[in-house]
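[1] Pasting the sequence and the predicted model now:
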Amino acid sequence: MKDYSKIGDKSMMQRTTRRLEGTAMGSTVFDLKPGVGIGPFYIGMPIGEAFGKIEQNPNVYDVVHVKYYDEDPLKLDVVISFPDHGFHLRFDPWSQRLRLVEIYDVKRLQMRYGNSTVGGPSSLATFVAVYALFGPTFPGIYDKERGVYALFYPGLSFEFPIPDQYTDCCHDGEVAQPLEFPDGTTPVTCRVSVYDKSSDKKVGVGKLMDRASVPPLSPGSLYMEEVHVKLGKELYFTVGGQHMPFGASPQDVWTELGRPCGIHPKQVDQMVIHSASDLRPKTTLCGDYFYNYFTRGFDILFDGETHKAKKFVLHTNYPGHADFNSYVKCNFVISVGEGEAEANRGGVNKITPSTNWEQVKGILGECGPAAIQTQGSTSNPFGSTYVYGYKDVAFEVMKNGHIATITLFQS
């Protein structure tokens with residue numbers, strides 16, 4: 001069961017399940033892999049894959065929060081939080097890939113590095129313990145404003161709170177290592193960050209957190225493949241070089257794009273009532289069927305009589321939409337005004353998943369009133385969306401003005 005609610009400007013998803021014996025705080029040990037990740041979660045992982053790992057282990061991840069900035073989902077990270085285990089997964093809002101693991105409550109999470117453990121309720125992650133486990137490194141950075149000293153290793157950082165009476169020990173970054181205070185005590189880690197080590201950046205708290213970036217995709221990866229759209233004509237897949245025109249047969253699609261993730265009959269065509277030219281009887285099953293390519297972010301609708309592709313549906317996978325996490329984001333590019341002379345003058349306007357509705361209207365002009373699309377509060381707790389139509393394309397727009405889906409057809 002999933003319960004969706006809003007907290008301030010952010011939205012939260014929490015799966016409520018009965019806690020089973022043996023899943024209490026600290027009973028699960030997560031492998032700590034500097035520069036790579038923690039447990040089953042690795043830097044660069046698509047958000048859909050992370051949700052898959054969570055669903056495979058409901059007894060371990062029995063409380064999960066999903067947080068994002070509802071007003072502008074591209075402004076801040078999409079965060080999957082595990083409050084029982086004390087850590088966040090921070091996903092880049094554009095690529096929806098994991099850029100940073102942030103362990104904010106080290107006492108809740110027992111980590112294993114090599115044959116040793118650190119953190120959790122029974123093994124304090126002190127500066128001396130961390131230094132003994134991970135070895136020597138360069139002097140860290142003292143954040144005077146936050147009162148925190150950060151120690152860096154490749155793809156890994158530890159933050160230690162420094163009491164006011166001992167801040168003189170950290171002036172100008174000249175800190176004796178391992179750090180011990182005059183009274184013989186040593187600070188205890190308050191935060192651990194895991195991030196990509198290939199960029200050689202120092203990632204810590206505050207502004208240093210923004211330095212974490214996703215690693216580059218492997219050559220030939222189809223994830224977030226750029227898909228060029230020619231309105232009323234075809235899709236062009238830039239990595240594989242495939243052209244997919246309207247009128248393509250199922251055999252054409254299988255040959256070019258491979259087996260679909262799913263094949264589903266289309267239910268009632270709710271919009272056909274507005275079409276004066278379609279005189280077919282209105283039934284629950286209209287005969288048309290979809291090829292679903294969830295891992296590439298689009299669907300293809302085939303006519304049930306001619307078996308020719310007649311619509312393409314492209315998904316942006318924004319949080320706050322009913323289809324979130326059903327599809328990978330489709331990285332489409334719609335060029336408007338792409339005549340050769342206009343292109344040479346730099347006059348081509350482009351619509352991408354980042355383009356909001358006001359920008360779309362600025363490119364395509366105003367259109368008629370929206371059709372309101374809703375599935376009811378039970379099946380869709382995020383509320384209604386609005387569908388606006390132009391020649392050869394329709395935009396489903398969320399309440400925050402961002403595009404949820406684009407449907408392509410031939411007028």
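    Thanks, I have it. Predicted model only: the values in this text are computed from it and were never measured.

[2] ranges for the strands of the stretch 251-400 of the chain?
    Here the stretch 251-400 of the chain has its strands, by DSSP state E, counting those that start in this stretch, at 262-265, 289-293, 298-302, 309-315, 331-336, 349-351, 371-373, 385-390, 393-397.

[3] Pick out the shakiest of those, pLDDT-wise.
    Mean pLDDT is lowest for strand 371-373 among these, at a mean of 86.

[4] pLDDT wise, what is the residue nearest to residue 155 when sequence neighbours are not counted at?
    Setting aside the residues directly before and after it, residue 155 is nearest to residue 35 in space (Cβ to Cβ, 6 or more residues apart in numbering), at 2.3 Å. C-beta: built from backbone N, CA, C; applies to glycine. Residue 35 is assigned 93 on the pLDDT scale.

[5] Now the longest helix along the chain: average pLDDT?
    The single longest helix within the chain, with elements called by DSSP state H, is helix 47-56. The average pLDDT for helix 47-56 rounds to 96.

[6] could you point out which element follows it?
    strand 65-69 (DSSP states H and E).

[7] what mean pLDDT would you report for that next one?
    Strand 65-69 comes out at a mean pLDDT of 95.

[8] One more: stretch 188-200?
    Across stretch 188-200, pLDDT averages out at 88.

[9] in that stretch, what counts as buried?
    188, 189, 190, 191, 192, 193, 194, 195, 196, 197 (16 or more other Cβ atoms under 10 Å).

[10] ok, the last one touching residue 203?
    What it means is residue 197. No - contact criterion Cβ atoms under 8 Å: residue 197 and residue 203 do not qualify, at 9.7 Å.

[11] where does this structure have low pLDDT?
    1-26, 171-178, 199-201, 204-209, 268-285, 338-348, 375-381 (pLDDT under 70).

[12] Which residues are in contact with the most centrally placed residue in it?
    Note on the chain: the residue nearest the mean C-alpha position is residue 96, at 2.7 Å, using Cα atoms, centre = their mean. Neighbour list for residue 96: 46, 47, 48, 78, 317, 328, 329 [criterion: Cβ atoms under 8 Å, 6 or more residues apart in numbering].

[13] mind redoing it with 7 Å?
    Applying Cβ atoms under 7 Å, 6 or more residues apart in numbering, we find residue 96 in contact with 46, 47, 78, 317, 329.

[14] residue boundaries of the helices in the chain?
    So, for the chain - with DSSP H - the helices run 47-56, 127-134, 250-257, 340-344, 357-364, 376-379.

[15] now the fifth one against strand 385-390, angle please.
    This points to helix 357-364. Relative orientation of helix 357-364 versus strand 385-390 (axes from the mean of the first three to the mean of the last three Cα atoms, to 10 degrees): 10 degrees.

[16] ok, residue 243 touching residue 234?
    Yes - contact criterion Cβ atoms under 7 Å: residue 243 and residue 234 qualify, at 5.5 Å.

[17] Can I get the buried residues of stretch 188-200 in JSON lines including distance to residue 141?
    What follows is the buried residues of stretch 188-200, written out as JSON lines (distance: Cβ to Cβ, whole Å):
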{"residue": "188", "distance to residue 141": "18"}
{"residue": "189", "distance to residue 141": "15"}
{"residue": "190", "distance to residue 141": "15"}
{"residue": "191", "distance to residue 141": "13"}
{"residue": "192", "distance to residue 141": "15"}
{"residue": "193", "distance to residue 141": "13"}
{"residue": "194", "distance to residue 141": "18"}
{"residue": "195", "distance to residue 141": "15"}
{"residue": "196", "distance to residue 141": "19"}
{"residue": "197", "distance to residue 141": "17"}
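
[18] In those residues, find the pair that's most separated.
    The distance between the two most remote of the buried residues of stretch 188-200 (Cβ to Cβ) is 26.5 Å, for 188 and 196.

[19] what's the spacing between the residue nearest to residue 71 when sequence neighbours are not counted and residue 68?
    Leaving aside its chain neighbours, residue 71 sits nearest to residue 400 (5.6 Å; criterion: Cβ to Cβ, 6+ apart). Noted for residue 400: a distance of 11 Å to residue 68, by Cβ to Cβ, to the nearest Å.

[20] just residue 162 next, same as before
    Distance, residue 162 to residue 68, using Cβ to Cβ: 33 Å.

[21] Have a look at those two and say which one is more surrounded.
    residue 68 (25 against 21; other Cβ atoms under 10 Å).

[22] Residue 80 is in contact with the more buried one, correct?
    No - contact criterion Cβ under 7 Å: residue 68 and residue 80 do not qualify, at 10.0 Å.

[23] how many other residues sit next to residue 294?
    Neighbours around residue 294, by other Cβ under 10 Å: 18.

[24] The residue lying closest to it once chain neighbours are set aside: what's it in contact with?
    Leaving aside its sequence neighbours, residue 294 sits nearest to residue 261 (Cβ to Cβ, 6+ apart; 4.5 Å). Listed by Cβ under 7 Å, 6+ apart, the contact set of residue 261 reads 292, 293, 294, 295.

[25] Comparing the helices of the chain, which comes out most buried?
    Mean neighbour count (mean count of other Cβ atoms under 10 Å) peaks for helix 127-134 among the helices of the chain, with a mean of 18.

[26] helices and strands around that helix, which ones?
    Using 3 or more Cβ pairs under 7 Å, 6 or more residues apart in numbering; DSSP states H and E, the elements in contact with helix 127-134 are strand 116-118.

[27] what comes into contact with the strand it packs on?
    Taking Cβ under 7 Å, 6+ apart as the rule, strand 116-118 contacts 29, 110, 111, 123, 125, 129, 130, 133.

[28] ok, now with 10 Å
    Outside of strand 116-118, the residues that reach it under the criterion Cβ atoms under 10 Å, 6 or more residues apart in numbering are 29-30, 32, 106, 109-112, 123-126, 129-130, 132-134, 158, 189, 192.

[29] Give the pairing partners of that strand; include direction for each.
    Each strand paired with strand 116-118, and its direction, by DSSP bridges: strand 110-113 (antiparallel).
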